[in-house]
Structures are given as C-alpha cells and as structure tokens.
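Novice: Whatever this is, show me its structure:
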Amino acid sequence: MIARKLSDLKHIQEYYIYDNPSQPSQEHKDFVKILSFLYPRSVFKGYRPDLNGLTGDQVVISTRPDFLNQGDNNRLLHIFNTNTPWAPHACFMRLIDNKLQEKYGEFDQQVWEKYIELHGRKYLLAPRDKLKFITKNFRIRKLGRKGLLRFIPILEKTRHHLNKERKLGLSYVIDDSLFFTKNNLVNIDKVEQSLFDASSRELYRDVIFADPFQLWRNYYDLLPDFLEYVDYMKLNKDSVILSIGVDRGYDIPFFLSFNVKKIYNFDPTRDWFLADYVREWVDYFPDKVEFSDYAILKEGNEIEFQLSDDRYEKLDKKAQSAFKVESKGSQKLISKKCKGMSLAELLKEYAFSRIDLIKINTAGQEYKLVDGLSDYVKKFRPQIVIPICHSSREFFETPLRLMEMCQNYRFYCKTYSYEKYQTHLYCIPAEVNDTI
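Specialist: Residues are numbered from 1 along each chain as shown. Got it, this is the predicted structure:
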C-alpha cells in the first residue's frame, strides 16, 4: 500500500526502513523516533538496503520514489513534509527532544504553551468577557529596531493600540483592517453554512472565533493526518495538475505517488528552492513535472520579482546569476524581471486539454486570481485548493466568490497550523466527490 499520512502507519506491527544499514540518514532516524512516539506498539526491526529475502508479511517503509516500482502491496511508501514551520515531523521531534510529552495522547494546555514558546511565539489572553467575535490573530508591527514582529495570538481589540501600554515590554500597533463588521459576520455565517461537512464547519468557525488553546488542540489532534494541500481530492494516472506557487514543493511527491500524467508548476523561482527530498522525486519523474518562471497574475504584465537576502544565499551560482543585486545603503535589493501571465493567457498559451486539479499558493496574492478561475471551471470542472487566510476578508470573500462560481461543487475547509494561517478551501466537483 502507499501510506501518504502518518495515520496510515498506525496498524503496522513490525517494520524496516529502506536505507543503508551502515549509514542511515538522520531523517530516517528521526522518523523511527516519531513512529515510536506515535505508535509504541509498532516495533522497528532495522534498516535494509534492498527487499531480498523478505517474507510476505514483513513491512518495509520508504520515502523514495523508486519504491513505487516494487509492486508489492505489503510494502509502504511514506509521503511527507519535513521542515516547513507547521510540519508534523518537526512538531513531533520538538515534543520528543524537549521532553514535553512521553507519548502522543491527550492534549495538554501547559505543554502547548511551552511548545508555542519554543517557536518564538508569545500570546496574550484577554478577560473572558471580551467580545468573542474578535479573531485571536493579528498582524502586529513592532515599533523598534527589529522590524516586523511575528504573529501573536491576542483576544483583544482596542482600535489602534493595546491600551496604549507596553504589554510584554513592547509597543504594538494593530492592523485595523482585521476588524469584523456586522456585515462581515453575516458573510462568515454564509460560508460556514455552505461548507459540506461538520468537520469543515467546525474548523472554519474555530479559526476565526476560537481562542488559541482551541486552535492548538485542533492542530494537535490532526497531526497524524497532516499533509498540506492534499485533502479531499481524487487523482489517478490521467490527472493533470496546475500548480501555481512551488517553493519547497512538498505537495509534489504526494501528487506523483498517484502516477499522475503531468504537473505544470509556475513560480518566479522555478524549482530553485525544492527540498532535497522533493528534488529526488522530480528527478525520478522528469517527464511528469514541468517548471516555468512565469508569474501568474491577475493581469499578465512583466513584473520585478524581489528576493530576500537569506533566500538568495540559498541559491546555487547558476540560479543567482538570474538576479540583479543592488546596494541601497546597508541593504541589498535583489530582483529579477519575469514575465507575468494571467490565468486566461495561460489557458490560451498552453492549450490544456484537461486540468483535474488547480493548487494555488502565492504568498497572499491568491484572492487576485480567483476571478481568473472561471474559464477553467467552465471548461474542466477541476478540483481547486486555495489558501483563504492571508487577510481577514479572505476568510469570507474568497469562499463566497468561489461558491458562486463553482456550481454543483462541494466545499471543505482545513487548517494546517496552530494559528489561523495555512487555512485552505477545497472546492471539489460533486461528481468527483461522490467517487472518493
């Protein structure tokens, strides 16, 4: 079988890891720790360089793409995400290494307060009688030399300042655009009522209204099933995927595990930031994965794409040569010009004969692309997954636009973080949904 989530491995009794016994990778060593933490009754038998001499009931787990060709249903292939901020493997390793839990089990509030602090987060809870419709997360700017502060869960809204005090020893200014008006609350209700299942409705409401502890509990409970951008969908060997936004590319191995026909990837950074694990999959299936540096925009104009200094340093020399580096005082301005293309122009240029899934991840610009999906919905009725979390208005404006556009679809919501971020809307045609 193909194990695509950690929960798929919960029934194994004894297992091997497909790796060099004399030099197992650190990633695989960590994986054994995680499985022992999650499923203590499962026994790790060691590392194996091949499958020779195995009996039919022995299980070997691999993360490598060539394992797909073994053709034995008693073997397992684990599709996973290793080092993004909300990766479940990273979460479990933090719990284990910091001795926050001896085993995976019931949610413990104090443990999770410590876990959040390990991530450099702080939180501030308002009195219980404060208005509950105010979301707990605000984008906060720090007034000081260190620039932007990370997201801080807060259950309090006092216009532009937090009581004009230096809470937590700092001064803050809150982005006032996050205020929920009465009309916005009506729209939130409309979205909630239009979601297809109870789980989606509950998660959607929690991510907007619940306190941090409830969000942390939801995240913790879903960790063994956590793999971003991949829920609710149905893929097969004929599927064609349009992926807008690549970055580390952790969804690519999952898509390839279905032996899909083609994945078209569009990102100004092409495949430059792929994780090593993902790169192995891409190299193994060169005919199935295509990358382009087109920037998919609302209107297809040429744009100047900017890159941070730390990301630039991670590129190889060839990739760096595509960027122009200018000094402005003590700062560097790193940029490259790339061709912009609207979704309509993309459809015309590539003349797609089918699109089964559209995945969008453009770092907060997703809402600008929604109207451009109309032609794809009419022509292909694709499955769609899109984040709805980069501003408060996206939580209701983007879903309502898609719900109007996508007739006879079913809509789901899933959150892949312990904050409001990584909250995605899944739009699945009813005819596909009925076969899942």
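Novice: Do I have it right that residue 111 meets residue 101?
Specialist: Yes: applying CB atoms under 8 Å, one finds residue 111 in contact with residue 101, separated by 6.0 Å. To be clear about C-beta, it is placed using only N, CA and C from the backbone, and glycine gets the same treatment.
Novice: Show me whatever sits in contact with both of these two.
Specialist: When contacts are counted by CB atoms under 8 Å, 6 or more residues apart in numbering, residue 111 and residue 101 have residue 95 as shared neighbours.
Novice: Tell me where the stretch 101-250 of the chain has strands.
Specialist: Counting by DSSP state E, counting those that start in this stretch, the stretch 101-250 of the chain has strands at residues 137-138, 140-142, 152-153, 172-174, 240-244.
Novice: Now do stretch 1-8: distance to the chain's middle.
Specialist: What separates the centre of stretch 1-8 from the centre of its chain is 18 Å, taken as CA atoms, centre = their mean, to the nearest Å.
Novice: no no, stretch 97-114
Specialist: For stretch 97-114, the distance to the chain centre is 23 Å (CA atoms, centre = their mean).
Novice: who touches it?
Specialist: Contacts to stretch 97-114, defined as CB under 8 Å, 6+ apart, come from residues 37-38, 40, 92, 94-95, 115, 118, 123, 213, 216-217, 220-221, 418.
Novice: Poorly predicted segments of this protein, please.
Specialist: Applying pLDDT under 70 to the chain flags residues 73, 82, 121-181, 435-436.
Novice: on that earlier part again, I'd like to know which of the contacts of stretch 97-114 is nearest to residue 298.
Specialist: Of all the contacts of stretch 97-114, residue 418 has the smallest distance to residue 298: 31.4 Å, by CB to CB.
Novice: Determine how far stretch 267-282 lies from the middle of the whole chain.
Specialist: With CA atoms, centre = their mean as the basis, stretch 267-282 stands 15 Å off its chain's centre.
Novice: Give me the contacts around it.
Specialist: 27, 63-65, 80, 82-83, 244-250, 252-253, 256, 265, 289, 291-295, 303, 305, 307, 311, 314-316, 319, 336, 338.
Novice: Need the distance between the two termini of that stretch.
Specialist: 15 Å (CA to CA, to the nearest Å).
Novice: buried residues in it?
Specialist: Within stretch 267-282, the residues scored as buried using 16 or more other CB atoms under 10 Å are 267-275, 277-278, 281-282.
Novice: Next: stretch 292-308.
Specialist: By neighbour count, and taking 16+ other CB under 10 Å as the criterion, the buried residues in stretch 292-308 are 292, 293, 294, 295, 296, 297, 300, 305, 307.
Novice: Could you do stretch 31-40 as well?
Specialist: For stretch 31-40, a neighbour-count test (16+ other CB under 10 Å) marks 31, 32, 33, 34, 35, 37, 38, 39 as buried.
Novice: Secondary structure and distance to residue 327 added to the residues you listed, as a markdown table?
Specialist: Rendered in a markdown table, the data for those read as follows (DSSP: H, G, I helix; E, B strand; the rest coil; distance: CB to CB, whole Å):
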| residue | secondary structure | distance to residue 327 |
| --- | --- | --- |
| 31 | helix | 44 |
| 32 | helix | 47 |
| 33 | helix | 45 |
| 34 | helix | 44 |
| 35 | helix | 49 |
| 37 | helix | 48 |
| 38 | helix | 49 |
| 39 | coil | 53 |
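Novice: which residues of the stretch 201-350 of the chain fall in helices?
Specialist: Taking DSSP state H, counting those that start in this stretch as the criterion, the stretch 201-350 of the chain contains helices spanning 212-222, 251-256, 276-284, 309-313, 317-320, 343-350.
Novice: most packed of those?
Specialist: The highest mean neighbour count among the helices of the stretch 201-350 of the chain, using mean count of other CB atoms under 10 Å, belongs to helix 251-256: a mean of 24.
Novice: Check which helices and strands that one is in contact with.
Specialist: Where contact means 3 or more CB pairs under 8 Å, 6 or more residues apart in numbering; DSSP states H and E, helix 251-256 is packed against strand 240-244, strand 262-266, helix 276-284.
Novice: Contacts for it, please.
Specialist: 4, 65, 79-80, 227-230, 235, 239, 241, 243, 263, 265, 274, 277-278, 281-282, 285, 288-289, 357, 359.
Novice: again, only using 6 Å
Specialist: By CB atoms under 6 Å, 6 or more residues apart in numbering, the surrounding residues in contact with helix 251-256 are 79, 229, 230, 241, 263, 278, 281, 285.
Novice: so which of those comes closest to residue 433?
Specialist: The closest of those to residue 433 turns out to be residue 230 (CB to CB; 15.3 Å).
Novice: Could you list which residues are in contact with that closest one?
Specialist: Applying CB under 6 Å, 6+ apart, the residues contacting residue 230 are residue 254.
Novice: Next one: it from residue 54, what distance?
Specialist: Residue 230 is 29 Å from residue 54, where distance means CB to CB, to the nearest Å.
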